[in-house]
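Trainee: sequence unknown, structure follows:
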């Protein structure tokens with residue numbers, strides 16, 4: 001028996017978040033059923049762990065999981081991608097038995113806002129206020145964890161009719177990126193000012209709301225000491241192309257209204 005770490009991707013609108021919930025379809029529930037089907041192991045033996053929690057509607061391109069298996073990685077991922085409904089198994093590596101996938105080197109997220117003529121200079125200036133070590137109590141949903149942490153970088157770029165925010169830090173708090181993105185959104189539209197953001201970071205009871213979940217994507221969970229091998233099975237490309245075609249059909253419908 002060995003332990004594997006696997007990078008997975010999924011669209012959040014098909015799940016009620018990543019963690020198992022009673023009577024709800026979740027990413028963890030889908031992954032667990034896929035693993036039980038392919039490995040023939042029970043949940044206790046698999047010991048499935050997730051590196052990062054994502055809320056209902058939030059997407060992921062590189063969330064990391066770990067579990068026990070007796071199967072070789074390429075064979076396992078090909079089989080998992082053949083039976084999965086909504087989860088893509090992208091890459092894998094073997095890890096030590098005692099490694100905790102929650103202890104990552106870094107996490108990267110992307111948030112997308114509509115451009116709508118917003119002030120890009122203000123958006124970038126506001127984003128820079130959050131970089132470095134701060135107490136993010138006013139920019140999270142407290143759950144008992146320490147609220148002081150360091151954001152390594154936030155980039156802000158316009159891409160056609162969208163504004164792309166990318167965040168990097170070792171970890172983030174619950175709802176933190178969506179609350180920061182809401183603040184950047186309001187400041188860049190002239191509905192709040194940067195001084196209010198600074199005061200909120202200093203502890204003043206000021207909130208800017210919570211931005212919508214489906215515009216947030218967990219891009220990657222990085223581990224400096226691990227090298228992941230990509231899944232090259234044709235089934236991945238086939239599933240991806242089918243999903244792209246479905247999205248194009250829906251886009252054509254909405255543009256025709």
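Mentor: Yep, that arrived. None of the values given here were measured: they were computed from a predicted structure.
Trainee: please count neighbours and contacts with C-alpha atoms only from this point.
Mentor: Fine.
Trainee: now residue 37: how far from residue 1?
Mentor: Taken as C-alpha to C-alpha, to the nearest Å, the spacing of residue 37 relative to residue 1 amounts to 17 Å.
Trainee: so for these two, which sits in the more crowded spot?
Mentor: Using other C-alpha atoms under 10 Å, the more surrounded residue of residue 37 and residue 1 is residue 37, with 14 against 10.
Trainee: name the SS class of the more buried one, please.
Mentor: On the three-state scheme (DSSP: H, G, I helix; E, B strand; the rest coil), residue 37 is labelled helix.
Trainee: need the pLDDT of it.
Mentor: Confidence at residue 37, expressed as pLDDT, is 97.
Trainee: what's near enough to touch it?
Mentor: If you count contacts by C-alpha atoms under 8 Å, 6 or more residues apart in numbering, residue 37 has none.
Trainee: 10 Å instead, please
Mentor: 31, 79, 80, 83 (C-alpha atoms under 10 Å, 6 or more residues apart in numbering).
Trainee: ramachandran angles for the spatially most central residue of the chain?
Mentor: Of all residues in the chain, the one closest to the mean position by C-alpha atoms, centre = their mean is residue 218, 2.1 Å from it. Reported as degrees, to the nearest 10, the phi and psi values for residue 218 are phi -80, psi 110.
Trainee: what of residue 149?
Mentor: Here the main-chain torsion angles of residue 149 (degrees, to the nearest 10) amount to phi -150, psi 180.
Trainee: check what pLDDT the closest residue to it other than its chain neighbours gets.
Mentor: If you skip the residues right next to it in sequence, residue 149 has residue 133 as its closest partner in space, 5.4 Å away by C-alpha to C-alpha, 6 or more residues apart in numbering. Looking at residue 133, its pLDDT is 97.
Trainee: residue 133 in helix, strand or coil?
Mentor: Using three-state DSSP as the criterion, the local structure at residue 133 reads strand.
Trainee: hey, what's it bridged with?
Mentor: Following DSSP bridges, residue 133 is listed with bridge partners residue 150.
Trainee: next up, the contacts around it.
Mentor: With contacts taken as C-alpha under 10 Å, 6+ apart, residue 133 has the following neighbours: 148, 149, 150, 151, 152.
Trainee: now the closest residue to residue 128 other than its chain neighbours: how far from residue 220?
Mentor: On the basis of C-alpha to C-alpha, 6+ apart, the spatially nearest residue to residue 128 that is not a chain neighbour turns out to be residue 154, at 6.9 Å. Using C-alpha to C-alpha, one obtains 15 Å as the distance from residue 154 to residue 220.
Trainee: likewise for residue 183?
Mentor: Using C-alpha to C-alpha, we find residue 183 at a distance of 23 Å from residue 220.
Trainee: quick check: mean pLDDT of stretch 147-166?
Mentor: The model assigns stretch 147-166 a mean pLDDT of 97.
Trainee: got the end-to-end distance for that stretch?
Mentor: Length of stretch 147-166, first residue to last, C-alpha to C-alpha: 20 Å.
Trainee: so where's the stretch 1-150 of the chain shaky on pLDDT?
Mentor: Counting by pLDDT under 70, the stretch 1-150 of the chain contains no low-confidence range.
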